[in-house]
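Visitor: Next come a sequence and a model predicted from it.
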Amino acid sequence: MTTTPRHLLENMFNAAVRAALPEACIPPFLPAAPKGRTIVIGAGKASAEMARALEQHWVGKLEGVVVTRYGYAVPCEHIRILEAAHPVPDEAGLNAANTLLETVSNLTEDDLVICLISGGGSSLLPLPGPGISLEDKQHINRELLRSGANITEMNCVRRHLSQIKGGRLAAACHPAQVVNLLISDVPGDNPIDIASGPTVPDPTTCEEALEIVRRYGIKLPEGARRYLESGEGESIKADDPRLARVTTHLIATPQLALQAAAKVAQDAGVTPVLLGDSIEGEARDVGKVMAGIALSVRAHSQPVPAPCVLLSGGETTVTIKGSGRGGRNVEFLLSTAIALNGAKEVYGLAGDTDGVDGQEEIAGAVCTPDTLARAWKLGIRPRDSLDNNDGHGFFEALGDSVITGPTLTNVNDFRAILIL
């Protein structure tokens, strides 16, 4: 290997991000131009960049509007770019959701709607059902983020409290043709879980959403509980005729990103081991497991001998009990470092491919064999930082944060454990 371990890890992370950039992913999936109008709508952290890539490759007229996270807008000529808050929704997102519905009203069967959806779109389209306020949605979102529920569970609840998610936006496009171009940030790449599925049918029910609320002890505002219990929040199902002309394409996925990182490792003479793109669970528990596999490689050359890199993706969770800032990637990495306990020649990087881990403008962090020793020297107790859910504070103090700025894409978490 002719580069430093940190540089190799960063190269792999960057390759994973590049593999999911809209400029590379959009062109192969463009539909034929319609007889009527071409309307572009979308939501997510990558939606503005997706809109720009679409404009650059589309032949003919188009118009539309997409909503992205604050700071993620890019200039477009024909598609209007709106910004709103993520992960806790705000008034701008509420207005954007209404704007999207207005944009697709009164379409004809000769029209085409191209829908650009990526991770983060759920929080960016907060259009609550009757009797539910934006403040209620903000409260529920915060509770879901702190509960330890996985992304599938969180999105099930969100869909059934919404007037735009769970296929409702697609139904509003009827009778136009709808082509969905999705960048997946969820384990399993299920379209209904990407931005809570505004333009795809939803097989889940209000009762399932209520069960998730009960499971995690989430206190619902009265209006939200009534909306679920009455069945008024039921989403659009696959047999609804309004969804008959909807086609969905996954244009970028976590697995493709991991494969791009694996190629970088191979070129450096390091064997990549892809452990899966759909790994879930508490971040600290996943960290212990990854550390255990790395130690097995060191001791027994299993599952493969060093040099190798363990690559994985998915979306872990953090049940916040301390007063720290959370962040599932830094929590995972801190737990990994503690379990490795200074093992020689083992390095790690964990980061969110959108450049934001939790609610911080920090993608993730890097750990090295001397991570714990450097922390102790600064008077920082690693286990106390983990117990306080303060991975961001821990790695910032060591100068080991990974900061990318907005990457303009999002294929979920990237984890790499390098064993030399």
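Guide: Sure, I can see it. Residues are numbered from 1 along each chain as shown.
Visitor: Can you show me the helices along the stretch 251-400 of the chain?
Guide: When secondary structure is read from DSSP state H, counting those that start in this stretch, the stretch 251-400 of the chain shows helices at 254-267, 283-300, 328-340, 371-377, 382-387, 391-398.
Visitor: Show me the one of the ones you listed that comes nearest Ile218.
Guide: helix 328-340 (19.0 Å; CB to CB). For glycine as for every other residue, the C-beta is placed from the backbone atoms N, C-alpha and C.
Visitor: close enough to count as contact, Gly314 and Val411?
Guide: No. Gly314 is not in contact with Val411 according to CB atoms under 8 Å; the separation is 10.6 Å.
Visitor: of the two, who's got more company?
Guide: Neighbours of Gly314 and Val411, each counted by other CB atoms under 10 Å, are more numerous for Val411; the result is 30 against 24.
Visitor: Check which helix or strand that one maps to.
Guide: Assessed by DSSP states H and E, Val411 sits outside every helix and strand.
Visitor: Throw the helices of the stretch 251-400 of the chain into JSON lines and include distance to Val200 and mean neighbour count, thanks.
Guide: JSON lines is the format used below for those (distance: least, CB to CB, whole Å; neighbours: other CB atoms under 10 Å):
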{"stretch": "helix 254-267", "distance to Val200": "18", "mean neighbour count": "20"}
{"stretch": "helix 283-300", "distance to Val200": "28", "mean neighbour count": "19"}
{"stretch": "helix 328-340", "distance to Val200": "25", "mean neighbour count": "28"}
{"stretch": "helix 371-377", "distance to Val200": "42", "mean neighbour count": "16"}
{"stretch": "helix 382-387", "distance to Val200": "38", "mean neighbour count": "16"}
{"stretch": "helix 391-398", "distance to Val200": "34", "mean neighbour count": "23"}
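Visitor: To Asn190, which of those lies closest?
Guide: Each of the helices of the stretch 251-400 of the chain has some distance to Asn190 by CB to CB; the shortest is helix 254-267, at 12.3 Å.
Visitor: Packing partners of the closest one?
Guide: helix 5-19, strand 271-279, strand 308-314, strand 413-419 (3 or more CB pairs under 8 Å, 6 or more residues apart in numbering; DSSP states H and E).
Visitor: Just the C-alphas of the worst-scoring helix or strand of the chain on mean pLDDT, formatted as CSV.
Guide: Each helix and strand of the chain was given a mean pLDDT (mean pLDDT, DSSP states H and E); the minimum falls on helix 134-147 at a mean of 91. What follows is the C-alpha trace of helix 134-147 in CSV, where atoms were taken according to Å, rounded to 0.1, in the frame of the first residue of the first chain:
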residue,chain,number,x,y,z
LEU,A,134,-46.8,21.6,12.2
GLU,A,135,-45.8,21.8,15.9
ASP,A,136,-47.3,18.4,16.5
LYS,A,137,-45.3,17.0,13.5
GLN,A,138,-42.1,18.6,14.9
HIS,A,139,-42.7,17.0,18.3
ILE,A,140,-43.4,13.6,16.8
ASN,A,141,-40.3,13.8,14.6
ARG,A,142,-38.1,14.6,17.6
GLU,A,143,-39.6,11.8,19.6
LEU,A,144,-39.0,9.3,16.7
LEU,A,145,-35.4,10.4,16.3
ARG,A,146,-34.7,9.9,20.0
SER,A,147,-36.7,6.7,20.4
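Visitor: Check which helices and strands the helix or strand following it sits against.
Guide: Stepping forward along the backbone from helix 134-147, the first helix or strand reached (DSSP H and E) is helix 151-159. Packed against helix 151-159, as judged by 3+ CB pairs under 8 Å, 6+ apart, are the following elements: helix 134-147, helix 206-215.
Visitor: Between Gly314 and Val411, which contacts overlap?
Guide: Common neighbours of Gly314 and Val411 are listed as Pro254 (criterion: CB atoms under 8 Å, 6 or more residues apart in numbering).
Visitor: What sits closest to Ile322 if chain neighbours are left out?
Guide: Quick fix: residue 322 reads Gly, not Ile. Nearest-residue entry for Gly322: Asn388, 3.4 Å, with adjacent residues in sequence omitted and distances by CB to CB, 6 or more residues apart in numbering.
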